[in-house]
Structure formats: structure tokens, C-alpha cells
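Novice: Here is the input, now give the coordinates:
(2 chains)
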Amino acid sequence: MRSADVVVVGAGVVGAACAWYAARAGLSVTVVERGSVASGTTSAGEGNLLVSDKEPGPELDLAVLSGRLWRDDIAAAMGADIEYETKGGLVVAADQAALDALVTFAEEQRRSGVDAIPVAAADLSSYEPHISTGLAGGAFYPQDAQVQPMLAAAHLARSARELGADVRTGVAVTGFLRDGDRVTGVRTSRGDVPAGAVINAAGTWGGEVAGLAGVALPILPRRGFVLVTEPLPPLIRHKVYSAAYVANVASDDADLQTSAVVEGTPSGTVLIGASRERVGFDRSFAVPVLRKLAAQAVQLFPVLAGTAVMRAYRGFRPYCPDHLPVIGPDPRVPGLVHACGHEGAGIGLAAATGHVVAQHLTGRRQDLDLEPFRPERFG
Amino acid sequence: MRDTFDFDGTAVPFVDGQTVGAALVAAGIRSWRTTRRAGRPRGLFCGIGVCFDCLVTVDGRPNERACLLAAVPDMDVRTQDGTGHGQF
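Specialist: Model (predicted):
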């Protein structure tokens, strides 16, 4: 294969965004993907572009930047193709204690550039006509948006190709080309690809790719299920979820956590997430988890009790011990740049990740301090 | 005498073990659903439960797959328009 300025390992949404931003910056790009585009972590997600579920800190700053880039860069170029919807998110609290916590949380988020509008219990139905009665209140987040994640990855990859990128699927990375400590490309099942820099965008398998370069990256799988209902008439307008979801995302508990995250899609199906459990790469279906998700969704939208679930899918969210992604150059291995470990937020964070990685590759000033995401932070 | 089920007011005969979809096709009925957006007619396509093209409303339940559902005497089978849920 031809040599390139940069070779991207992985054609999920993060790898595709890195390739697109790098190609837009004028770099020659080769993408190698062992499966097909969006065949790993990306296809197992819901397409959430959320700021609402993130506590103030580096991940929220990355999400706010990413939301802007999804809108101004990616959606401006291909929004209709990827089912980009600026629908907003509605977070609801079941009782007064949960509402008090949500109000405090939203106040803190506002200082990080998040727009959060308090919604009184009586006004919830003006946002969502079918929402359950008896909730204590909520908050509306206009910046929350949605894409169809597989379409997003595919159109980013297509658009990168139109800018000259070479996207190779069915090509597995087997090792690195080295010049002393420095990596100078990758070895693959289809031959060597010399490159000035290598981007590790292997998602849940980012730790394995780092391992091939001789460095440790503690990225582990967290299993999540999503239910898909039969296509329904317009029913749910926003991303709607229970305030309990935020606590689950941040939790360090290995056991199962579930809290319903409910949204409609342009095809009429309703997606119901989100469970989290640490069971390694166990791909089996856990019916009790599916049942719990369905029950929680019905609590939010009682009308769903009369609808059928058509299928369910699951995947592995790539998480790090501190729940932050790994983004930026690896000082232990010059030439290796990481862009992985985004847990359940990879679709949303993909735009900013691609953007800052391209800024790094072209030697430009970063729009965001990457220090909290540095790969060597785990000690 | 063969068993029948009701399809939009017409008695459709079937033999024991036959699916709703097979019985409809055997009776010369080839479409029993319209698509959600364009209102196009649909009936059996894959015939093995994968494609979700042959959806039909049975005893008030929309989106049953006619190709998998065994016919039962006197079941109420109806043409399905769009999602089969009307408007919520």
C-alpha cells in the first residue's frame, strides 16, 4: 500500500472523523480497518451527541466543542445523509430529591457553556405529550442532538475518500514499523503502510493496538444493550432519559446498571438504552437486562406498554478507569497518536477528537487542552 | 370441512399448520399491508421471518409476521396501513 502522512487504525466514527479532518487539513491519509466501516463499537451505539449527561470537566468541554463541530462542520457538509437532528434532550426527575440534584447539576454545567432550561412538572407534557405523569420535573438541553452512527461513519469515510484518503477495509494491523522508539507506519495483513504518524482509533480494541506498539493503555469493554421497537407513528420528540442515568455513567460499579434513555428515529423505531455492565467481551444476550430496560422505558412513556420490541442489539463501550478518553500523542512512542476509549460517548465526541488530532498532526494550536486525555496518565 | 380465518371480512381457508401468509397467498391474496411513507402494497417477500415485509394486524395486534404466524380458526386478520398503530 502507498505511504501516507497519517495512517488511521479503525474505521468507526472516531477513525472516520480523524481521517476526514486530517484530509481536510491537506494530509494524505490511509485508513485500515479489520472489519468493515462502523463494524465495531460504532454500530452498537444509539447516535447520541449529548452534553446533558456530562459533569463539568474535561469531557464536558470536549462534548461542547464537539457538538459545535458536528453542527458547523459535519452536519453542514452531510447533515441530511446522516440523520442529524438537533432535537434537544429532556432529563426528567422521578422525585424531589432527584430534581434537586438535577437542578444543582445543571447550574454547574451552565458555567461550562451548556444551555439547560428548567422544566416544571406541569410543563413536561408540552415537551413530551406522552411522558408519564407524577414526575417531579426536569431540565431541557437544546444542545443535545442525534445522528445515525453508522451513516455518520460511512459518510465521513466517503467524504474523506473524496478528499483523497485511501480507506481499506478487511485489513488488520499486525504490528508497527519502527525506527528506534518511533513508529513509522503499520504492518498489516495486506502489507506494510509507511506513515509519518499512526492514529489509534480502534475503540474498544485500542488497548490491543497500543500493545502492538509496546505500550499499555487500560481500555476495557463495558457491555450495553439497546432495544428497538417496531416502527411507530411520531411519539417521542426529544432524547428523554431519567436523571439517574448520569449517576450510572459515572459509576465505578462493575455490576449491572440500567436507566432508560428513550428516543425516536427518522425511521419510526424507538431506541431504548442504556445498560452498563462489566462482563468482558461476553456477547450473550441477557434477557433480564432487556426486561429491565423495557420496564424503565414504560415508566417514562406508559404508551410504550402497548408496543412491541422488534429486536435488541449490544456492544462494548470502551472505558478507561477514569472514564475519560485517550486523545493525543503518546510520548512513550513518538509518532503514535491515540483517539480511543470514549466509553458510551464516542459518537458525540468523535468530531472534536478528529478535529484536535488533525490540529496536532498539522502542528497547529489545539482548541482544547489535551492534558487530561494524555495516554501516559495511568502510571 | 376446512378451517377458516377472517381476512377483512372474507373467510380464508387453511390447513392445519399453515401460516397466515401461506393461506393468504393460496387464496390469491398477495398484499395485505401498505408501506409507512408511500403507501405501497406489501405481502410475502423472504417468507422466513427476516425481512418484516409481510406485516399484518391479527386480533388487534399490529406488525405480526404473516409468514411465521400459524393460522388459527376464526382469527381476525386485517390489512395493515403504515405502522398499524394509527396515531398516538
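Novice: Just want the residue of chain B that's nearest chain A.
Specialist: Closest approach between chain B and chain A, counting by C-beta to the nearest C-beta: residue B:63, at 4.6 Å. Just so you know, the C-beta spots here come from the backbone N, C-alpha and C atoms, and that holds for glycine as well.
Novice: I'd like to know how far that residue sits from residue B:82.
Specialist: For residue B:63, the distance to residue B:82 equals 11 Å [C-beta to C-beta, to the nearest Å].
Novice: and these two? which has more neighbours close in?
Specialist: Counted by other C-beta atoms under 10 Å in any protein chain shown, residue B:63 and residue B:82 do not tie: residue B:63 has more neighbours, with 21 against 18.
Novice: what about that one, is that helix, strand or coil?
Specialist: Reduced to three states with DSSP: H, G, I helix; E, B strand; the rest coil, the structure at residue B:63 is strand.
Novice: same check, this time on residue A:353
Specialist: Going by three-state DSSP: residue A:353 is helix.
Novice: circling back to that earlier point, any shared contact partners between residue B:63 and residue B:82?
Specialist: The contact sets of residue B:63 and residue B:82 do not overlap (C-beta atoms under 8 Å, 6 or more residues apart in numbering or on different chains).
Novice: Give the burial count for residue A:266, as a bare number.
Specialist: 9.
Novice: Could you report the distance from it to chain B?
Specialist: To chain B, residue A:266 is 11 Å away according to C-beta to the nearest C-beta, to the nearest Å.
Novice: Could you verify that that residue is part of a strand?
Specialist: No: going by three-state DSSP, the assignment for residue A:266 is coil, not a strand.
Novice: ok, the residue lying closest to it once chain neighbours are set aside to chain B distance?
Specialist: For residue A:266, ignoring the flanking residues on the chain, the nearest one in space by C-beta to C-beta, 6 or more residues apart in numbering or on different chains is residue A:83 at 5.2 Å. Separation of residue A:83 from chain B (C-beta to the nearest C-beta): 15 Å.
Novice: what do you get for residue A:27?
Specialist: Taking C-beta to the nearest C-beta, one finds residue A:27 at 41 Å from chain B.
Novice: ok, now which ones touch residue A:226?
Specialist: With C-beta under 8 Å, 6+ apart, residue A:226 has these contacts: A:44-46, A:271-274, A:312-314.
Novice: Which of these fall within helices?
Specialist: If you go by DSSP state H, the contacts of residue A:226 have nothing in helices.
Novice: From these, keep the buried residues only.
Specialist: Buried members of the contacts of residue A:226, scored by 16 or more other C-beta atoms under 10 Å in any protein chain shown, are A:44-46, A:271-274, A:312, A:314.
Novice: distance of the residue nearest to residue A:254 when sequence neighbours are not counted from residue A:305?
Specialist: Excluding its sequence neighbours, the residue lying closest to residue A:254 (C-beta to C-beta, 6+ apart) is residue A:278, at 4.2 Å. Using C-beta to C-beta, one gets 31 Å for the distance from residue A:278 to residue A:305.
Novice: Comparing those two, which residue is more hemmed in?
Specialist: residue A:278 (16 against 11).
Novice: Look at that one and report its pLDDT.
Specialist: Residue A:278 is assigned a pLDDT of 91 by the prediction.
Novice: give me the low-pLDDT residue ranges for chain A?
Specialist: A:247-251 (pLDDT under 70).
Novice: tell me the phi and psi of residue B:4?
Specialist: Main-chain dihedrals, residue B:4, degrees, to the nearest 10: phi -140, psi 160.
Novice: Kindly tell me how buried it is, as a neighbour count.
Specialist: Neighbours of residue B:4 (other C-beta under 10 Å): 17.
Novice: The one 5 residues further on now?
Specialist: If you count neighbours by other C-beta under 10 Å, residue B:9 ends up with 7.
Novice: which parts of the stretch 1-150 of chain A sit against chain B?
Specialist: residue A:130 (C-beta under 8 Å from any C-beta of the partner chain).
Novice: need the helices for the stretch 1-150 of chain A, in chain order.
Specialist: Secondary structure of the stretch 1-150 of chain A, counting by DSSP state H, counting those that start in this stretch: helices at A:13-24, A:58-69, A:76-78, A:96-110, A:124-127, A:149-162.
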